[in-house]
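Q: could you work out the structure for the sequence below:
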Amino acid sequence: MTRVVRVGHEADGYAPFDLVPDPARFGLDTTRVATALGDVVVRSSLRRTGTAALIMLHGAAGSWTTWTPLLAAAELRGRPLTDMVAIDLPGWGDSPFPESGRDRGVDAYARAVAEVARVLGYAEWSVVGHSLGGFIALHLAAIEPRATRGVVLVSATTFSVMRAAAHPVAGVRRMPAFVGLLAVMRAFAPGRGAASAVLRGLREIGLLRRVMAPLFARPSRVPAGVLSALADEIRPRSFCAASEEAARYRPEQHWGRIRCRVTSLRGAHDVFVRPSDDDGLRALVTHTDLQALDTAGHFAHIEVPDAVLDAVEDVARPASKRRAGAEAGAEAGAGAGAGAEAGAEAEALPQGDRPHSGAPRDPAG
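A: Numbers count the residues shown, from 1 in each chain. Okay, here's the model as predicted:
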């Protein structure tokens, strides 16, 4: 069942960081990688500590910068994330939309992500995916079961969105926010840049926060810079293309092949992810940890980054350390059990018998 995680209500604990567009601020390099989908722009750690990457996949409203609150939270803990590969998915951020004639399906996107990781020299990875990025992360884990060590989903758009994308009229009642957003994106898709211009206008007249309020649990406390950055990242054409692919996708044909542990986080106030999505995920994926964050909406990694970081740090730990921790816990439990048994035996003895107690570069450059 889904575990409700109470994040807390500290005055400065909600959405504590702005988005940072400078990769150098977190020791990241900017690389352009050629893939079957076209060039993909990546921000990756300058300092590597192993052969396993921590891949970050953003959602349909954002780019790599949406992960910077998570990076800032990790720095505050004194444990900066390492071997990070933050990808601008094709069609978002600095990565161009795939050219006409190229396969733009979920499988092609997932294989492009794996291609990027291997070009950068990584043989395996853990994946953190938000919204659309979570959808792609699940497919990547299904087609690369040996290379994928773990997955963290942050409000992954799955069953409810797939159904609403395939049947938007019927989806109005159950997923009104998504169906409404899809209609707006379809209206703006033919005119490139039109949506951003409208959102900039809304920002200038002070209505941007109201328009974006459904995305957050506490919209009045989200930094203005976050709202502006997300508005600038809107890509209607890419959003519509991704929705069409979601409508065609058949998770029952793929997700049963996932072998790694999947930690799924969703905001209790998320308008794009329903509790029934947890049930669907549990039915298909063997090893799942389902959590609902009580003070988050659709952008938990921005709203409550520390709660998301807990899950990311856990999945990013080397498998040997996870096993050691599990074994230590098992030994502690066994010791406690043995102590209890000894105590019970002592109680059974007669009294006398008881014992005493920047600018893109080429990877080859």
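Q: every contact and neighbour count from this point should use C-alpha atoms.
A: Fine.
Q: how many residues are close by Pro176?
A: Look at Pro176: counted by other Cα atoms under 10 Å, it has 17 neighbours.
Q: Leu182 too?
A: 19.
Q: what about the strands in the stretch 251-365 of the chain?
A: Assigned by DSSP state E, counting those that start in this stretch, the strands in the stretch 251-365 of the chain fall at 261-267, 288-293.
Q: residue contacts, His139?
A: Neighbouring residues of His139 by Cα atoms under 8 Å, 6 or more residues apart in numbering: Val106, Asp107, Ala110, His254, Trp255.
Q: show me what contacts the last one?
A: Taking Cα under 8 Å, 6+ apart as the definition of contact, the neighbours of Trp255 are Leu138, His139, Ala142, Leu284, Val285.
Q: against Val262, how distant is it?
A: 11 Å (Cα to Cα, to the nearest Å).
Q: intersection of neighbour lists for these two?
A: Common neighbours of Trp255 and Val262 (Cα under 8 Å, 6+ apart) are Val285.
Q: which residues of the stretch 1-150 of the chain score low on pLDDT?
A: Within the stretch 1-150 of the chain, the segments meeting pLDDT under 70 span 8-12, 101.
Q: show me the helices in it, by range?
A: Using DSSP state H, counting those that start in this stretch, the helices found in the stretch 1-150 of the chain span residues 68-76, 106-119, 132-143.
Q: between those helices, which one is nearest to Arg274?
A: Counting by Cα to Cα, Arg274 lies closest to helix 132-143 out of the helices of the stretch 1-150 of the chain; the figure is 14.7 Å.
Q: which ones are touching His58?
A: Applying Cα under 8 Å, 6+ apart, the residues contacting His58 are Trp64, Thr66, Trp67, Ile87, Asp88, Leu89, Gly129, His130, Ser131, Leu132, Gly133.
Q: what is the neighbour count of the residue lying closest to Gly93 once chain neighbours are set aside?
A: Distances taken as Cα to Cα, 6 or more residues apart in numbering put Ser63 closest to Gly93, at 5.0 Å, once the chain neighbours are dropped. Around Ser63 there are 25 other residues, counting by other Cα under 10 Å.
Q: isn't Ser63 right up against Glu233?
A: Yes. Counting by Cα atoms under 8 Å, Ser63 touches Glu233, with 6.8 Å between them.
Q: sorry, back to before: hey, which of the helices of the stretch 1-150 of the chain is tucked in deepest?
A: Between these, helix 132-143 has the highest mean count of neighbours, a mean of 25, where neighbours are mean count of other Cα atoms under 10 Å.
Q: angle of it against strand 261-267?
A: Helix 132-143 and strand 261-267 are oriented at 170 degrees to each other (axes from the mean of the first three to the mean of the last three Cα atoms, to 10 degrees).
Q: between helix 106-119 and helix 132-143, find me the angle.
A: 80 degrees.
Q: rewinding a little: in JSON lines, list the strands of the stretch 251-365 of the chain along with mean neighbour count and distance to Arg209.
A: Formatted as JSON lines, the strands of the stretch 251-365 of the chain follow (neighbours: other Cα atoms under 10 Å; distance: least, Cα to Cα, whole Å):
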{"stretch": "strand 261-267", "mean neighbour count": "25", "distance to Arg209": "19"}
{"stretch": "strand 288-293", "mean neighbour count": "20", "distance to Arg209": "22"}
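Q: quick one on the thing from earlier: possible to save the helices of the stretch 1-150 of the chain as a markdown table with distance to Phe26?
A: Below are those laid out as a markdown table (distance: least, Cα to Cα, whole Å):
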| stretch | distance to Phe26 |
| --- | --- |
| helix 68-76 | 7 |
| helix 106-119 | 19 |
| helix 132-143 | 21 |
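Q: nearest to Val5, out of those?
A: helix 68-76 (17.8 Å).
Q: packing partners of that closest one?
A: On a contact count with 3 or more Cα pairs under 8 Å, 6 or more residues apart in numbering; DSSP states H and E, helix 68-76 meets helix 300-303, helix 305-316.
Q: most tightly packed of these?
A: Of those, helix 300-303 is the most buried (mean count of other Cα under 10 Å), at a mean of 27.
Q: chain center to it: distance?
A: 10 Å (Cα atoms, centre = their mean, to the nearest Å).
Q: over to stretch 179-192?
A: 24 Å.
Q: run a quick neighbour tally on Glu99.
A: Residues lying near Glu99 (other Cα under 10 Å) number 12.
Q: which residues sit in contact with it?
A: Leu37, Gly38.
Q: heads up, I number from 31, so please use that
A: All right, first residue 31 from here; so that's Glu129.
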